[in-house]
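Undergrad: Mind looking at a prediction? Sequence and model below.
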Amino acid sequence: MPGWLEIVMRALSAMIMLIVITRILGKKQISQLTFLEFVIGITLGELVGFISTDVESNFWYGVISLLVWFIVPLGLEYLALKSKKIRGWLEGSGRVMIKEGKVLEDNLKKERVSADELLEQLRSKSVFNLADVEFAVMETNGDLSILLKRDKQPLTPRDMNMKLVNEVEPQTVIMDGEYLDEPLATIGLSRGWLNTELEKIGVTVDNVFLGQVDAYQQLYVDLYDDKLKVPAPQGKALVYATLKKSQADLELFAMSTRDPAAKQLFEQTSRELTGVIQSLQPMLQN
């Protein structure tokens with residue numbers, strides 16, 4: 001076998017093995033790594049490079065070494081899931097860096113973090129004033145988790161006694177100019193409905209890069225041609241306006257009629273519809 005062909009075969013085999021191994025080991029290999037995951041990632045990369053290019057070495061010896069570095073970490077991960085002690089030994093534990101607004105200098109030294117690095121981590125979390133921090137922990141992956149003081153935390157709807165509804169995941173129904181039938185079926189819609197909505201905004205499916213439908217059956221599209229402008233969905237606004245108009249009509253009917261029974265019925269229905277509008281307002285005006 002020619003030397004170049006052997007290298008190609010070795011590289012392809014090693015690449016396939018590395019992809020399979022990293023998929024099995026999990027997504028943490030490509031996110032914030034712990035110390036052990038960092039060491040494993042470097043070693044696997046070195047072994048794959050060695051297997052791919054060192055034609056004078058035995059290919060299967062490299063494969064065996066790669067399998068050892070795959071099986072042992074995989075076994076350790078399963079053990080870590082079962083035992084907190086093993087998890088702490090392998091991955092370490094978080095360390096408190098700021099407590100009750102005070103920097104713990106001894107813990108900074110233990111983690112070998114300087115004051116400049118601590119401030120840099122705070123700025124990366126959009127915290128520029130140390131006095132705003134109530135609690136901060138250095139996680140095992142080196143990231144800093146921060147709890148702001150109560151008066152420095154962002155205002156939430158709960159603080160303002162606002163009623164909100166749970167959001168439902170939007171479904172992507174068009175991707176790369178093609179229909180996605182499964183998400184459409186999930187929300188009980190069809191291509192016919194989708195084509196009708198596209199006609200309303202004057203675009204064709206071929207020009208849609210991404211299209212999503214929310215829980216209120218409103219279609220949002222992103223077009224290949226960014227110069228084209230499409231109207232914003234008005235489904236919720238239309239429903240809200242229709243309800244308000246109906247409530248106003250009931251009040252008008254109550255004032256116009258001379259029949260006491262009809263007047264009472266109109267007024268009662270108007271009050272009930274007002275309650276419905278108030279309960280739906282967080283959804284329809286969100």
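TA: That came in fine, so what should we check first? Numbering: from 1, shown residues only.
Undergrad: drop to CA atoms for contacts and neighbour counts, all remaining ones
TA: Will do.
Undergrad: Low-confidence bits of the stretch 151-286 of the chain, can you list those?
TA: Counting by pLDDT under 70, the stretch 151-286 of the chain contains low-confidence residues at 157, 162-168, 232-237, 282-286.
Undergrad: could you redo the last one with a cut-off of 50?
TA: Under the criterion pLDDT under 50, no range of the stretch 151-286 of the chain is flagged.
Undergrad: Tell me where it has helices.
TA: Taking DSSP state H, counting those that start in this stretch as the criterion, the stretch 151-286 of the chain carries its helices at 181-186, 191-201, 235-256, 260-284.
Undergrad: What is the neighbour count of Thr274?
TA: Using other CA atoms under 10 Å, Thr274 has 17 neighbouring residues.
Undergrad: what's the answer for the one 4 residues further on, then?
TA: Applying other CA under 10 Å, we find 11 other residues in the vicinity of Gln278.
Undergrad: same thing with Glu37?
TA: Residue crowding around Glu37 was assessed by other CA under 10 Å; the count is 19.
Undergrad: and it, what helix or strand is that in?
TA: helix 35-53 (DSSP states H and E).
Undergrad: ok, then the element right after that helix?
TA: By DSSP H and E, the next helix or strand past helix 35-53 is helix 59-82.
Undergrad: That following helix versus helix 35-53: what angle between them?
TA: Here helix 59-82 points in a direction 160 degrees away from that of helix 35-53 (axes from the mean of the first three to the mean of the last three CA atoms, to 10 degrees).
Undergrad: gap between helix 59-82 and the chain center?
TA: A distance of 31 Å separates the C-alpha centroid of helix 59-82 from that of its chain, computed with CA atoms, centre = their mean, to the nearest Å.
Undergrad: Show the secondary-structure elements that the next helix or strand after that helix is packed against.
TA: Next along the chain after helix 59-82, taking DSSP H and E as the criterion, comes helix 84-91. In terms of contacts (3 or more CA pairs under 8 Å, 6 or more residues apart in numbering; DSSP states H and E), helix 84-91 is packed against helix 35-53, helix 59-82.
Undergrad: list the contacts for Met138?
TA: Going by CA atoms under 8 Å, 6 or more residues apart in numbering, Met138 touches Gly94, Arg95, Val96, Met97, Leu144, Ser145.
Undergrad: Apologies, that question was intended for Met175.
TA: Applying CA under 8 Å, 6+ apart to Met175 gives the contacts Val208, Phe209, Leu210, Gly211.
Undergrad: between those, which is nearest Leu250?
TA: Comparing those against Leu250 with CA to CA picks out Gly211 as the nearest, at 38.6 Å.
Undergrad: close enough to count as contact, the closest one and Gln218?
TA: No - Gly211 lies out of contact with Gln218 (CA atoms under 8 Å); the separation is 10.3 Å.
Undergrad: if you count what's nearby, which of those two comes out ahead?
TA: Gly211 (24 against 16).
Undergrad: The more buried one: what's it in contact with?
TA: The neighbourhood of Gly211, defined by CA under 8 Å, 6+ apart, consists of Thr172, Val173, Ile174, Met175, Leu219, Tyr220, Val221, Asp222.
Undergrad: what's across from it in the sheet?
TA: With DSSP bridges as the criterion, the beta-bridge partners of Gly211 are Ile174, Val221.
Undergrad: Relative to Asp159, how far out is it?
TA: Between Gly211 and Asp159 the distance is 35 Å, computed by CA to CA, to the nearest Å.
Undergrad: for Tyr78, same thing?
TA: Per CA to CA, Tyr78 is found 42 Å from Asp159.
Undergrad: more neighbours, the two?
TA: Neighbour count, other CA under 10 Å: between Tyr78 and Asp159, Tyr78 has more, with 11 against 8.
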